[in-house]
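Asks: Starting from these lines, generate the structure:
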Amino acid sequence: MLGQAYVRGMHLAGMAATLKHFPGHGSVLEDTHHEGARDPRTLAQLLDADLCPFAAAFAVGAEAVMMAHVTYPAIDALPAGYSRRWIKEILQGELGFAGIVISDDVGMVAAASAGGVGARVAAHYAAGCHVVLACTPALVPEALAAARALRDPPACDLTRLDRTGRPRPGRHCTTTRSARAFSSI
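Replies: Residues are numbered from 1 along each chain as shown. From the prediction side, this is the model:
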């Protein structure tokens, strides 16, 4: 499968593999950067289609997964990235994913259902995300303040990331110049 090949290729290059957008984004027409999106399919339908490539890629060691800002009302009223049902019960429980869970960007229009930026950050963490993305520079201070205000920040076992996620310049780069540039990042 393509997902497995991607993960294996990333690992051969010495890098961690991140899959996105869980639990699937291909059956909605809306661009969640600009509007909300709803996928009416049932969990059984998603398990037969969109979730298969994720499960296969998890089986070969994908380290991280990014959540979708898509709502699946047959499963939960909340968008997947705000949903404990999706993250804790399905992704981590039923599918057994033990890696890092990343939100999609809190600045996207489809993320607005949780409220302002601070509420979005808190909602992602409450649902089980380990990393919350704020990709618009103007939103970063508010997102950081919200993350710092959390009483119980989420914990994540980084041992899987340490296995492949630490950069080793000689392994990734073919020239000394590019190896130095990579290691300075």
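
Asks: Every contact and neighbour count from this point should use C-alpha atoms.
Replies: Noted.

Asks: For this structure, name the helix or strand with the lowest mean pLDDT.
Replies: The weakest-scoring helix or strand in the chain, judged by mean pLDDT, DSSP states H and E, is helix 169-172 (a mean of 36).

Asks: Got phi/psi on V131?
Replies: Per-residue torsions, V131: phi -130, psi 130 (degrees, to the nearest 10).

Asks: Show me what the nearest residue to it once chain neighbours are set aside bridges to in the sheet.
Replies: Excluding the flanking residues, the one nearest V131 by Cα to Cα, 6 or more residues apart in numbering is I102, at 4.7 Å. For I102, the beta-bridge partners are M66, V131 (DSSP bridges).

Asks: Against L12, how distant is I102?
Replies: 23 Å (Cα to Cα, to the nearest Å).

Asks: These two: which is more packed in?
Replies: I102 (25 against 13; other Cα atoms under 10 Å).

Asks: State the pLDDT value of the more buried one.
Replies: In this model, I102 is scored at 97, pLDDT.

Asks: got it, and G81?
Replies: pLDDT, G81: 98.

Asks: got it, and G26?
Replies: 85.

Asks: and if you look at R177?
Replies: In this prediction, R177 has a pLDDT value of 37.

Asks: Need the distance between the two termini of stretch 27-39.
Replies: 7 Å.

Asks: Could I get the buried residue list for it?
Replies: 32-33, 36-39 (16 or more other Cα atoms under 10 Å).

Asks: so how far is I102 from the residue most central in space within the chain?
Replies: The centroid of the chain falls nearest to M66 when counting by Cα atoms, centre = their mean (1.4 Å). M66 sits 5 Å away from I102, going by Cα to Cα.

Asks: repeat for Y6
Replies: Counting by Cα to Cα - Y6 and I102 are separated by 18 Å.

Asks: Equivalent analysis for F22, please.
Replies: Taking Cα to Cα, one finds F22 at 10 Å from I102.

Asks: So for those two, which residues contact both of them?
Replies: 65-67 (Cα atoms under 8 Å, 6 or more residues apart in numbering).
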